[in-house]
Structure formats: C-alpha cells, structure tokens
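> missing the sequence, but the structure's below:
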Ligand SMILES: N[C@@H](CCC[C@H](N)C(=O)O)C(=O)O
C-alpha cells in the first residue's frame, strides 16, 4: 500500500508522498497508473518529499507530470509541500525555509496553515537557459504554431514557459494552439504554454496548457512566467494579481537582478492508500 496525501493549489492537484525515510519506488508506468483519474487516484503532478541533497535546504521535493515525465519546478506544488511539511510538524509558520527543487533551492514562508509565499528565484530569459532555439535573446519571438504565426515570450522559472499575450482569453485561439505550443520544436524540452489577457498593469487573466499534463485549473510557474514576460516588456507593475480558472495568485517581481515572489493558497483534500504497488 502506498500512503499519500491529496492536495491542491487553486485546483492544480497533487498526490504527495512521504519519502523522508522510505525511498520513492514508482517507475514511469506506476506514475501513470496512479495519475489515472478513473482507475488510479488522479493528479496533475506527483510530489515526493525527500531528504535534501543540498545541505543548505531542509527538504527536497521531486515532481512528476501525469504522463510520467519528470518536471524541474512546480509553483503550486511547492506551496503544497510547505503546507504538508507544516502539518507534519517539520516546518514552523512565518519562518523562511529553503527547500530544494530539481532546479535548485527556493525559499518558502508560511503566512498561515493554508497560505504560502515562495521566493521562486530570478526568471531566466537567455534562450539556452530555457531551452529555446533563438539566435539572440528577445522579449518577443514570432513562431509558427500549426500554421498560425504567434508572438510569444520565452522564459524559464526553473521549467520552460511560452507566454502568448491575447486580446480576449475567451475568444482566443488558445484551445487550438495550446497543445501544439507545448510541443513546439523550438522548445527542445517542450514548454508550458500560457495564454494571458492583460486587464490592467496590476491584473492578468491566464490559462496554461501544461507540458506532460494538458489544460490545468492553475499553474504557479505559469503565473510567474506571464508576469516576468510582461514586466520585461514594461507592460505590468511590480505587484500583479493573476487570475487562473481555479483562483488567483499574487506575483511580485521588481525586475532583472531580483527574485520573483509568488503568494497563494495550499489545501488538503484527503489522505489515502493506493494498492497499486
Ligand atoms: N503545475 C505546475 C507546473 C508543473 C510542471 C510542468 N508541467 C512542467 O513540466 O514543467 C506549477 O504550478 O508551476
């Protein structure tokens, strides 16, 4: 039996495994079986809480998508890991703690048992850091997505993101272009594809088609990426509210040379045991 916690951040849902003393045992087929919403448990991401490899961090968290692929960062996930550790008695509220993600350390601070703020590091725009195929770094790239010319921004928040600004999210071509943008060949490792409508300099509306998952109710790194891309273009202020289908996140980024901050909820759904191993 595999004991797990089911959690979510704005409807981006997770199975969280306690691997602090027992090793992570699932292979790719096992992860896909657990992810199945009819015959397994179901999740957008599987998160494992493990001992830190980096001595400056309290714990490590591993991340896997629904299709079994590993991911390097997860914004909603790290808030849930922090709330999970708090409930397990391993973190205290209001004290900054470094956690180690596959893409490096992030700092979390619990504002309450259900709200967490995370220092996500500095957004990386250099094409080779994303990775994105481009001769020079730019705030805008024109790419052909399934025969449609689309203007995007490209950024890494520890994981790769494409961000397309649209006039009106409801009437956008996001539904058609999202899946193709996620697997676009210029993103060598794929990308999380965000479609963003700018309501004001402090308010965005966003939908994300996630790499390895599909359309999600929320994507934390996607919200960070949308603010980073638009702030780099001078189109948003330092503090931005991002509305996703599952709810809102608060993002703050002073600009280049500074870390980006994300604040939002983390919720428990239920505890369970899965007989599939
Ligand atoms: N839901 C996440 C992002 C999860 C990882 C992503 N699908 C990837 O493969 O990079 C978030 O909240 O950031």
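Nice, thanks for sending it over. Just so it is clear, the model here is predicted, and its values are computed rather than measured.
> what residues does the stretch 1-150 of the chain put near the ligand?
Counting by C-beta under 6 Å from any ligand atom, the residues of the stretch 1-150 of the chain close to the ligand are 12, 44, 45, 65, 71, 74, 75, 76, 77. Backbone N, C-alpha and C define where each C-beta goes, glycine included.
> Which ones among those residues lie within helices?
Among these, DSSP state H puts 75, 76, 77 in helices.
> what sits against the second one?
Read that as residue 76. Shown in contact with residue 76 (C-beta atoms under 8 Å, 6 or more residues apart in numbering): 8, 9, 10, 12, 14, 218, 219, 220, 264, 266.
> Helices of the stretch 51-200 of the chain, start to end?
Shown for the stretch 51-200 of the chain, the helices assigned by DSSP state H, counting those that start in this stretch span residues 75-87, 174-182.
> Against which helices or strands is the shortest one packed?
Helix 174-182 is packed against strand 141-145, strand 148-156, strand 160-165, strand 192-200, strand 203-210, with contacts defined by 3 or more C-beta pairs under 8 Å, 6 or more residues apart in numbering; DSSP states H and E.
> State the distance from the residue nearest to residue 68 when sequence neighbours are not counted to the ligand.
Leaving out its chain neighbours, the residue that sits closest to residue 68 by C-beta to C-beta, 6 or more residues apart in numbering is residue 28, at 3.7 Å. Residue 28 sits at a distance of 14 Å from the ligand (criterion: C-beta to the nearest ligand atom, to the nearest Å).
> burial of residue 28, as a residue count?
For residue 28, the neighbour count with other C-beta atoms under 10 Å is 12.
> next one: phi and psi at it?
Main-chain dihedrals, residue 28, degrees, to the nearest 10: phi -60, psi -40.
> Same question for the one 3 residues further on.
When read as degrees, to the nearest 10, the backbone of residue 31 gives phi -60, psi -40.
> Quick check, it in contact with residue 46.
Yes - the pair residue 31 / residue 46 is scored as a contact, 5.7 Å apart, by C-beta atoms under 8 Å.
> between these two, who's got more neighbours?
A direct count of neighbours by other C-beta under 10 Å for residue 31 and residue 46 places residue 46 higher, at 27 against 22.
> any idea how far that one lies from residue 16?
For residue 46, the distance to residue 16 equals 8 Å [C-beta to C-beta, to the nearest Å].
> What residues does the stretch 151-277 of the chain have near the ligand?
Residues of the stretch 151-277 of the chain lying near the ligand (C-beta under 6 Å from any ligand atom): 159, 192, 210, 211, 212, 213, 216, 219, 220, 221.
> Would you mind confirming that the second one is in contact with residue 223?
This points to residue 192. No - look at residue 192 against residue 223 with C-beta under 8 Å: they stay out of range, at 10.7 Å.
> between these two, which one's more packed in?
Taking other C-beta under 10 Å, residue 192 and residue 223 do not tie; residue 223 has more neighbours (31 against 27).
> residues touching the closest residue to the more buried one other than its chain neighbours, list them.
Closest residue to residue 223 apart from its sequence neighbours, by C-beta to C-beta, 6+ apart: residue 242 at 4.0 Å. Going by C-beta under 8 Å, 6+ apart, residue 242 touches 204, 205, 206, 223, 226, 227, 248, 249, 250, 251.
> Next: residue 78.
61, 99, 101, 106, 108, 116, 118, 220.
> Tell me who's in contact with the nearest residue to residue 134 once chain neighbours are set aside.
The spatial neighbour of residue 134 that comes closest, neighbours along the chain excluded (C-beta to C-beta, 6+ apart), is residue 127 at 4.3 Å. Residue 127 sits next to 133, 134, 136, 137, 154 when contact means C-beta under 8 Å, 6+ apart.
> For PyMOL, write the selection for the buried entries among those.
Restricted to buried positions by 16 or more other C-beta atoms under 10 Å, the PyMOL selection for the contacts of residue 127 reads:
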select buried, resi 154
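> Nearest to the ligand among the contacts of residue 127?
Proximity of these to the ligand (C-beta to the nearest ligand atom) peaks at residue 154, which lies at 13.5 Å.
> Many thanks, I have nothing further to ask.
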